[in-house]
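# Any chance you could fold what I've pasted below:
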Amino acid sequence: MNPKQTPVLNLIRQIRDSHSTSYWLSNALESAELRDPVDVLNDAEALVNLFKARLEEMQNEAPILA
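From the prediction side, this is the model:
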């Protein structure tokens, strides 16, 4: 199987090219496609952890309605 035509790469391209995919995610998928998957995964995990913390921070700042 050609490394440029794998089921996962085809799925990534399909999601990237879908009209329902956000501009941000489409760009991220395009830039990540040629990168080392380990580096991409490490960056994605860092991003998830940062925004989980940001969400928790925002939830803690939200006024509590009685």
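# got any ranges where the chain has weak pLDDT?
Within the chain, the segments meeting pLDDT under 70 span 1-3, 66.
# Got the domain ranges for it?
The chain breaks down into these domains under automatic domain parsing: 1-34, 36-66.
# buried set for the first one?
The one in question is domain 1-34. Across domain 1-34, burial judged by 16 or more other CB atoms under 10 Å covers 16, 28-29, 32. In this view, the C-beta of every residue, glycine as well, is placed from N, C-alpha and C.
# Then the last one?
Along domain 36-66, these residues count as buried under the neighbour rule (16+ other CB under 10 Å): residue 40.
# one step back: nearest to residue 64, of the buried residues of domain 1-34?
For the buried residues of domain 1-34, the closest approach to residue 64 (CB to CB) belongs to residue 28, at 34.9 Å.
# which ones are touching that closest one?
With contact set as CB atoms under 8 Å, 6 or more residues apart in numbering, residue 28 has no partners.
# Where does it sit: helix, strand or coil?
helix (DSSP: H, G, I helix; E, B strand; the rest coil).
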